[in-house]
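>>> Fold the following, please.
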Amino acid sequence: MNTTKGKVRFELLLGQVLAALPAAPARVVDAGGGTGQLAVALARRGYQVTVVDTSAAMLATCAQRAAGEGAEVGARLATVQGDAADLQALLGPASRDAAVCHDLITQVDDPAAVLAALAGVLCDGGVLSLGFANRDWLVLRAGRRGEHAGALRLAHGREPGRSPAPAMSLAEVEAELERAGFEPVAASGVGVFVDSGDDDPDPAGLAALVELERLVATREPYRSSARTVHVVGRRRILRPDLAGYTP
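Predicted coordinates:
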């Protein structure tokens, strides 16, 4: 994300995440957080963040990045090596106030298992910030390039030889969230126009781009045309008198 466009996408996403999360110093897990770009940004703002990732090398980079921000930021960030599907065993059930999970569910064979684990590690009413590659954007990109057969496969949700799927639609993700015990409460696009225009816009052009992205992030058809979709979900509160009830 060292390019201007990459930085714009990250700052747009970070703004949406901060708007969704409970106030610092809430306890946040970053599932599949890798080298910690988002986690460190949250720790810098006072959140207590635990990054869970399967890669020891990425977690080491994440810890170094946090330490480079100073002792206070470093102290607010912890790393745990493990699979996101094992969050409850790694961190304990209902142990976090919020979770962020970006660019992971389209990289795993069983997204439902990851979402169930995220639900299990959150307190009742806990917030999930979930970002994923948008299949509708891929369909538009392929179709506009004249790759109509590929666009057709993507539109049908099929991409031969690809497991896991390269992207998901908002409707698919919201359905998975419902099944995992979340109530979807908001959805925004990230990167509707960022990939068009100059690679290195001047300050005035950059300011206009950012303002435009923020303006259309929750509007259709722009949201469905975004490179990434960011969904906010809330962990449903199970009434004690209904615990164990099966309809």
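>>> going forward, measure contacts and count neighbours with C-alpha atoms only.
OK.
>>> quick one: low-confidence parts of this structure?
1-2, 158-165, 238-247 (pLDDT under 70).
>>> and if we set it to 90?
1-6, 153-166, 195-203, 237-247 (pLDDT under 90).
>>> Kindly list the longest helix within it.
helix 4-20 (DSSP state H).
>>> ok and the longest strand anywhere in the chain relative to helix 4-20, angle-wise?
Ranked by number of residues, the top strand in the chain under DSSP state E is strand 122-133. Here the directions of strand 122-133 and helix 4-20 differ by 160 degrees (axes from the mean of the first three to the mean of the last three C-alpha atoms, to 10 degrees).
>>> And the strands in this structure, which stretches?
27-31, 48-53, 77-81, 96-102, 122-133, 182-190, 228-235.
>>> relative orientation of the longest helix of the chain and strand 228-235 in degrees?
Using the same axes, to 10 degrees: helix 4-20 against strand 228-235 is 20 degrees.
>>> With just CA atoms, put helix 4-20 into CSV.
Provided in CSV are the C-alpha atoms of helix 4-20 (Å, rounded to 0.1, in the frame of the first residue of the first chain):
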residue,chain,number,x,y,z
THR,A,4,-0.9,6.9,-3.5
LYS,A,5,-4.0,4.9,-4.5
GLY,A,6,-3.2,2.2,-2.0
LYS,A,7,-2.9,4.8,0.8
VAL,A,8,-6.2,6.4,-0.2
ARG,A,9,-7.9,3.0,0.0
PHE,A,10,-6.5,2.3,3.4
GLU,A,11,-7.4,5.7,4.8
LEU,A,12,-10.9,5.4,3.5
LEU,A,13,-11.2,1.9,5.1
LEU,A,14,-9.7,3.1,8.4
GLY,A,15,-12.2,5.9,8.6
GLN,A,16,-15.1,3.4,8.1
VAL,A,17,-13.6,1.0,10.7
LEU,A,18,-13.2,3.7,13.3
ALA,A,19,-16.7,4.9,12.8
ALA,A,20,-18.0,1.3,13.4
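>>> Any chance you could list what contacts that helix?
Helix 4-20 is contacted by residues 1, 38, 127, 129, 190-191, 194-195, 199-200, 210, 213-214, 230, 232 when judged by C-alpha atoms under 8 Å, 6 or more residues apart in numbering.
>>> mind running it again at 7 Å?
Contacts to helix 4-20, defined as C-alpha atoms under 7 Å, 6 or more residues apart in numbering, come from residues 1, 129, 190-191, 194-195, 199-200, 232.
>>> Could you tell me how far it lies from the centre of the chain?
11 Å (C-alpha atoms, centre = their mean, to the nearest Å).
>>> List the buried residues in it.
5, 8-10, 12-13, 16-17, 20 (16 or more other C-alpha atoms under 10 Å).
>>> With stretch 125-145 instead?
Buried residues in stretch 125-145 (16+ other C-alpha under 10 Å): 125-142.
>>> ditto for stretch 225-237
Within stretch 225-237, judged by 16+ other C-alpha under 10 Å, the buried ones are 225-236.
>>> Ok, stretch 180-193 next?
So, applying 16+ other C-alpha under 10 Å, buried residues of stretch 180-193: 180-184, 187-193.
>>> nearest to E172, of the contacts of helix 4-20?
Distance to E172 across the contacts of helix 4-20 (C-alpha to C-alpha) is lowest for V232, with 14.2 Å.
>>> Show me the beta-bridge partners of the closest one.
S129, A186 (DSSP bridges).
>>> related to what we said a few turns ago, could I get the strands of the chain in a markdown table, plus columns for distance to G146?
Output for these, formatted as a markdown table (distance: least, C-alpha to C-alpha, whole Å):
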| stretch | distance to G146 |
| --- | --- |
| strand 27-31 | 36 |
| strand 48-53 | 38 |
| strand 77-81 | 43 |
| strand 96-102 | 30 |
| strand 122-133 | 21 |
| strand 182-190 | 24 |
| strand 228-235 | 22 |
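>>> Sweet, I'm off.
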